[in-house]
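# Next come a sequence and a model predicted from it.
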Amino acid sequence: MHAPEHDGSDKHFYPFSVGVKKHCDRSQNHTLFFFSHVAKHLIANSEAQKSMFSSLAEGIAEIDKEKVLDEVKRRVSRKEDPIRIVEECREGMRVVGDRYQKGEYFLAELLLSAEIFRQAMEIVEPYLAKIRPPKPRGKVVLATLKGDIHDLGKNLLAILLKTRGFEVYDLGVDVDPVRVVEKVKEVKPEFVGFSALISAAFDSMKTAVEMFEKEGLRKKLKVMVGGGITTPLVKDYIGADFQTLDALEGVTYCLSIVEGKKEG
C-alpha cells in the first residue's frame, strides 16, 4: 500500500427586499426606515462579535509580538486565570490557521505566530504548573517523526494537554521511530501523538506503529495523528486510533479516554 498524498454575494438579499416591499405595502420612506433599522442591528451584532475577540487573540492573529508578550506579562502579574490566557492565545492561532488556509497568510506568518505563541506560553508555564493536579491525568509522548521538522501543531497540543493535567514528553522533530519506542518503554504512556505537515513522515509513523506491535506495546496505547496534511485515510495507513486537524480535539479525545477508563 502506498502512502496517501496529500459568498459574499447579495443573491439572497434581493428576494428578501422584494418580499418586504410586496408584503409591507408601505411607503418608500417607511421601507427605507425598515432597512436602516436592520442595518443598525447588523452593525451592532458585528461590534458585539468583534468585542468577543480578545485583544490577546487579536495580537497573535496580527503577528504583533510586543503587544502579545506585554499583555501576557501584565495579566499573569495580576494573577489572572492562566488557562484563560492560553485559550485566548489558542484562539489567535486558530485565526492564523484560518487565514493560512484561505491564502491570506503564508508559511512565514504561520512560523512567526508560532514563535510568538511559544514565547507567550513560556511566560504562562510557571503559573500553569501551580494549578495542575498533583497526580497527572495521563501520560502522552509527542513527536514529529523522521522526514518532517514542523512542530506548530505538536507544540500547541503539548501546551493544551498540560493545562488539562497531562504529563507530556515532547521528543521534538525529525525523530527516529526507535527513539519513540524507547521512550514509550521508559515512561509507559497512555497516548502517543504524531504530528505531520509533509507526507515524508507518513512512512516513519507507520514504522513506529509497527514497532509498537512487535514490542508488545500497541494494545496499551492510543496512537493519535494530526497536522494539516493528515486525513482519516492517513490514520488508517499508519494504523493510528485517532486523527484531527485541531489540537483542542486531540485534548478532548485524551480526556474522553481517561475518563472512560475511570468509569469502567
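Nice, thanks for sending it over. Numbers count the residues shown, from 1 in each chain.
# Show residues contacting whichever helix or strand L248 is part of.
Take DSSP states H and E as the rule and L248 turns out to sit in helix 247-263. Applying C-beta atoms under 8 Å, 6 or more residues apart in numbering, the external contacts of helix 247-263 come out as 90, 137-138, 140, 153, 156-157, 160-161, 164, 166, 190-191, 193, 222, 224, 226, 242, 244. C-beta coordinates here come from the backbone N, C-alpha and C atoms, glycine included.
# Please identify the buried residues of that helix?
Using 16 or more other C-beta atoms under 10 Å as the test for burial, helix 247-263 gives 247, 250-251, 253-255, 257-258.
# again, but for stretch 140-157
Applying 16+ other C-beta under 10 Å to stretch 140-157 flags 140-148, 150-157 as buried.
# That one: how far from the chain's middle?
The chain centroid and the centroid of stretch 140-157 are separated by 13 Å, computed with C-alpha atoms, centre = their mean, to the nearest Å.
# Export only the CA atoms of that stretch, formatted as CSV.
Taking C-alpha atoms only, stretch 140-157 is exported to CSV below (Å, rounded to 0.1, in the frame of the first residue of the first chain):
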residue,chain,number,x,y,z
VAL,A,140,1.5,11.5,26.4
VAL,A,141,4.5,11.1,24.2
LEU,A,142,4.6,13.5,21.3
ALA,A,143,6.9,13.7,18.3
THR,A,144,7.2,14.9,14.7
LEU,A,145,8.9,11.9,13.1
LYS,A,146,11.8,11.5,10.7
GLY,A,147,11.3,13.4,7.5
ASP,A,148,9.4,16.4,9.0
ILE,A,149,10.7,19.3,11.0
HIS,A,150,7.4,21.2,11.5
ASP,A,151,6.1,21.4,15.1
LEU,A,152,3.5,24.1,15.4
GLY,A,153,0.5,21.7,15.9
LYS,A,154,2.5,19.5,18.2
ASN,A,155,3.6,22.3,20.4
LEU,A,156,0.1,23.6,20.7
LEU,A,157,-1.2,20.2,21.6
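# Please work out the average pLDDT along that stretch.
The average pLDDT within stretch 140-157 is 92.
# which stretches of the stretch 1-150 of the chain form strands?
139-143 (DSSP state E, counting those that start in this stretch).
# pLDDT below threshold where in it?
Applying pLDDT under 70 to the stretch 1-150 of the chain picks out residues 1-53.
# Now do the helices in it.
Secondary structure of the stretch 1-150 of the chain (DSSP state H, counting those that start in this stretch): helices located at 13-24, 28-52, 55-61, 65-77, 82-101, 107-131.
# could you check the angle helix 107-131 makes with the fifth one?
Just to be clear, that refers to helix 82-101. What separates the directions of helix 82-101 and helix 107-131 is an angle of 170 degrees, with axes from the mean of the first three to the mean of the last three C-alpha atoms, to 10 degrees.
# oh, and call the first residue 516 from now on, that's how I've got it
Sounds good: first residue 516 from here, last item helix 597-616.
# just checking, what packs against helix 597-616?
Judged by 3 or more C-beta pairs under 8 Å, 6 or more residues apart in numbering; DSSP states H and E, helix 597-616 is in contact with helix 570-576, helix 580-592, helix 622-646, helix 667-678.
# same question, the last one
In terms of contacts (3+ C-beta pairs under 8 Å, 6+ apart), helix 622-646 is packed against helix 570-576, helix 580-592, helix 597-616, helix 667-678.
# Tell me how the chain divides into domains.
Listed domain ranges for the chain are 569-646, 650-779 (source: automatic domain parsing).
# Need the winner for burial among the ones you listed.
Highest mean neighbour count among the domains of the chain (mean count of other C-beta atoms under 10 Å): domain 650-779, with a mean of 19.
# roughly how far is that one from the heart of the chain?
Distance of domain 650-779 from the chain centroid (C-alpha atoms, centre = their mean) equals 14 Å.
# wait, isn't R605 in contact with T678?
No: if you go by C-beta atoms under 8 Å, R605 and T678 don't touch, sitting 9.6 Å apart.
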